[in-house]
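Chemist: Just need the structure, nothing else, for what follows:
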Amino acid sequence: MKIKMLNKIINKKSGFTLIELVLYVSLVSVLVLGVASFWNVIRSIGLKNKSVSAVEEQGAFVSDIMNERIRQATHVCTPTSAGDTAHTLDLDTNCTVHTGSEVSLALDIHGILILTEGGQDYSLTDERVSMPSSSINFTKAQDTVHGGAESVNYTFVMQSKDYSSSSPFSYEKTFSGGGVLRVY
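Modeler: Sure, this is the predicted structure:
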């Protein structure tokens, strides 16, 4: 009796049946599909965060630089008179004869904001963001609170560049600020 049972166990063919094989392949396929979908969602969120972060960081940096340069200036050369708006800002101690202490802010053809100070150009933004050419505006005003001193207000739109063609995400934000010029 023991020999017959032992022969049955040995002679039984081992392996998967067709139904078991289809079931295992289906389970593995669902698992792989789930992991791939999860990875795609995580990657998409990462690209969105990268875009938002680039705009927020560079927008705050540019605003800080603009505020500092405006508050350190003594004259606004461009825009020329109160109420005027321009796409560039030119600050100097003497607007008729440049003294070498001029500061200007303008966009280049690639949408990068350039600070020119003392004849030297500095890029304030990098390739992760762009600013449309008409999106930056400087407005000259007279500040009635501080004894009629000149003041400059600005607004600019900064937008992220797409990091991926397969999952485009664009983020843009409008920044604004300004300040009163130094009065001697």
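Chemist: Could you pull out the strands in this protein for me?
Modeler: Secondary structure of the chain by DSSP state E: the strands cover 75-78, 85-86, 89-92, 103-107, 113-117, 120-123, 129-130, 137-143, 149-160, 172-180.
Chemist: mind checking which of those is nearest residue 46?
Modeler: strand 149-160 (13.2 Å; C-beta to C-beta). (C-beta placed from N, C-alpha, C; glycine too.)
Chemist: How much space separates residue 34 from residue 40?
Modeler: Using C-beta to C-beta, to the nearest Å, residue 34 is found at 11 Å from residue 40.
Chemist: before we move on, what about residue 172?
Modeler: For residue 172 relative to residue 40 (C-beta to C-beta), the value is 24 Å.
Chemist: Comparing the two, which shows the higher neighbour count?
Modeler: Between residue 172 and residue 40, counted using other C-beta atoms under 10 Å, residue 172 has the larger neighbour count: 16 against 12.
Chemist: right, and that one touches residue 157 too?
Modeler: Yes: in this structure residue 172 lies within contact range of residue 157 using C-beta atoms under 8 Å: 5.8 Å.
Chemist: got a list of what the closest residue to residue 111 other than its chain neighbours touches?
Modeler: Residue nearest to residue 111 in three dimensions, not counting chain neighbours: residue 130, with 3.4 Å by C-beta to C-beta, 6 or more residues apart in numbering. Residues near residue 130 by C-beta atoms under 8 Å, 6 or more residues apart in numbering: 110, 111, 112, 158, 159, 161.
Chemist: Mark which of those residues are buried, thanks.
Modeler: Among the contacts of residue 130, those that count as buried by neighbour count (16 or more other C-beta atoms under 10 Å) are 111, 158, 159.
Chemist: Against residue 150, how distant is the first one?
Modeler: The reference is to residue 111. 28 Å.
Chemist: What of the last one?
Modeler: Remark: distance between residue 159 and residue 150 (C-beta to C-beta) = 30 Å.
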